[in-house]
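**Q** Provided below are the primary sequence and the corresponding predicted coordinates.
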Amino acid sequence: QVRLLESGGGLVQAGGSLRLSCAFSGRTFSSYGMGWFRQVPGRERAIVAAINWNGGSTYYADSVKGRFTISRDNTKNTIYLQMNNLKPEDTNVYYCAAVPTSQAIVSSTRFDYYGQGTQVTVSS
């Protein structure tokens, strides 16, 4: 059973930075593509960023391109989301997600596992 545990959320002023972490356990981490999602009002969770099994391919939503960076450390079974130049509209709960695939992650990729989420609040 895959388990995902997010950390690193908090309160930050607009223009500030945060780094989220997600610890993976239960299966072979390097067999999984990973991603970060956040809630969209009235809709399912929307993908923010994603990374393939070895970090060679990444995906970003248009709203975060140039500000957020996703990375992974397969020796630590952990992914990260570095968030810079944060805006009030980035306020949300951020969920880590995993899918067993070796393919590049695209916006339509369906993930199988989600963590409980970590709150990010950006004040203006």
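**A** Structure's in. What do you need?
**Q** Surely residue 104 touches residue 53?
**A** No. Using Cβ atoms under 8 Å, residue 104 is not in contact with residue 53, being 9.6 Å away. All C-beta atoms are positioned from the backbone trio N, CA, C, and that covers glycine.
**Q** Neighbour count: those two, which is higher?
**A** The neighbour comparison of residue 104 against residue 53 (other Cβ atoms under 10 Å) goes to residue 53, with 22 against 15.
**Q** Which phi and psi values does the more buried one adopt?
**A** When quoted as degrees, to the nearest 10, the phi and psi of residue 53 stand at phi -60, psi -30.
**Q** wait, doesn't it sit right on residue 28?
**A** No. Counting by Cβ under 8 Å, residue 53 does not reach residue 28; the two are 9.6 Å apart.
**Q** returning to what we had before: common neighbours of residue 104 and residue 53, please.
**A** By Cβ atoms under 8 Å, 6 or more residues apart in numbering, residue 104 and residue 53 have these common neighbours: residue 33.
**Q** what bridges to the residue nearest to residue 37 when sequence neighbours are not counted?
**A** Leaving aside its sequence neighbours, residue 37 sits nearest to residue 45 (Cβ to Cβ, 6 or more residues apart in numbering; 4.0 Å). Beta-bridge pairing for residue 45 (DSSP bridges): residue 39.
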